[in-house]
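K.L.:
Model the structure of this input:
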Amino acid sequence: MTAVAVPTARPFPPAEHRGRPVGWWGVMMLILTEGTLFIGLLASYFFLWAGSPHWPQGGIEPPDLFRISIFTVVLLSSSIPILVAEWANRRGRMQLVLAMLLVAFVMGAAFLANQVLEYRGLHFGWRDNAYAAIFYTITGLHGLHVLLGLLMNMVVQTKGRVGRLARRNDISVEVFSLYWHFVDGVWILVFASLYLIAHFLT
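P.N.:
Residues are numbered from 1 along each chain as shown. The predicted structure follows:
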């Protein structure tokens, strides 16, 4: 009697990793949520403006443009070293990544320090009227996002100093970069709405 050969089961090939890691999706959800929040606040700003005979209300002067324009350039330019850091991250050049993160940190910290000085120089408080309240709310919320970005930057730098970053394509660098570009993009809308438009159309 002829024996029937039983085919040997072949192991399945290892599954390829596809798609983005969980951390990337987490930050994207954060960006979408916070972006919606800022859009709602800016819509409220223009709604209040449309219903007010004078803007800013209460005889408040439009915010000064000179110094904030300088630090707007500083903040937006901080995306340049972040782009370099992303490039270096893909090529495994971690020393360059850390150097660029440090440059971006200093630029972001300078912007945040200027915001504190700007608040100290304002002649109105957040309780004075609707304009004051929405101005402080929007700029203050953005300032908190800058602060959070600086803390994230410090965490990534610290991980790099102690050798806990991957030699190439580290997800921490990618996630932080996404968040920082979001912070810069939001500031473009805030600066245009609360400073440029308010200054030239009032």
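
K.L.:
Please name the residues that touch Tyr195.
P.N.:
Counting by CB atoms under 8 Å, 6 or more residues apart in numbering, Tyr195 touches 62-63, 65, 68-69. For every residue, glycine as well, the C-beta is placed using N, CA and C.

K.L.:
Identify the residues contacting the nearest residue to it once chain neighbours are set aside.
P.N.:
Sequence neighbours aside, Pro63 is the residue nearest to Tyr195 in space, at 5.4 Å (criterion: CB to CB, 6 or more residues apart in numbering). Neighbouring residues of Pro63 by CB under 8 Å, 6+ apart: 118, 135, 194-195, 198-199.

K.L.:
Check the gap between Pro63 and Ile197 for me.
P.N.:
Pro63 is 11 Å from Ile197, where distance means CB to CB, to the nearest Å.

K.L.:
picking that back up, mind checking which of the contacts of Pro63 land in helices?
P.N.:
118, 135, 198-199 (DSSP state H).

K.L.:
so can I have a markdown table of those residues showing distance to Asn169?
P.N.:
Converted to a markdown table, these look like this (distance: CB to CB, whole Å):
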| residue | distance to Asn169 |
| --- | --- |
| Glu118 | 39 |
| Phe135 | 41 |
| Ala198 | 43 |
| His199 | 43 |
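
K.L.:
Please tell me which one of those residues counts the most neighbours.
P.N.:
Within those, neighbour counts (other CB atoms under 10 Å) peak at Phe135, which reaches 22 neighbours.

K.L.:
Next up, the contacts around the residue lying closest to that residue once chain neighbours are set aside.
P.N.:
Spatial nearest neighbour of Phe135, chain neighbours left out: Leu194 (6.2 Å); criterion: CB to CB, 6+ apart. Leu194 makes contact with 45, 63, 135, 138-139, according to CB under 8 Å, 6+ apart.

K.L.:
now, which of the residues you listed sits nearest Thr36?
P.N.:
Closest approach to Thr36 among the contacts of Leu194 (CB to CB): Ile138, at 14.0 Å.

K.L.:
where do the strands sit along the protein?
P.N.:
Using DSSP state E, the chain contains no strands.

K.L.:
Could I get the full set of helices for it?
P.N.:
For the chain, the helices defined by DSSP H occupy 22-50, 66-77, 79-90, 94-121, 130-161, 171-191, 198-200.

K.L.:
and the angle for the third one with helix 171-191?
P.N.:
Think helix 79-90. Angle, helix 79-90 to helix 171-191, by axes from the mean of the first three to the mean of the last three CA atoms, to 10 degrees: 160 degrees.
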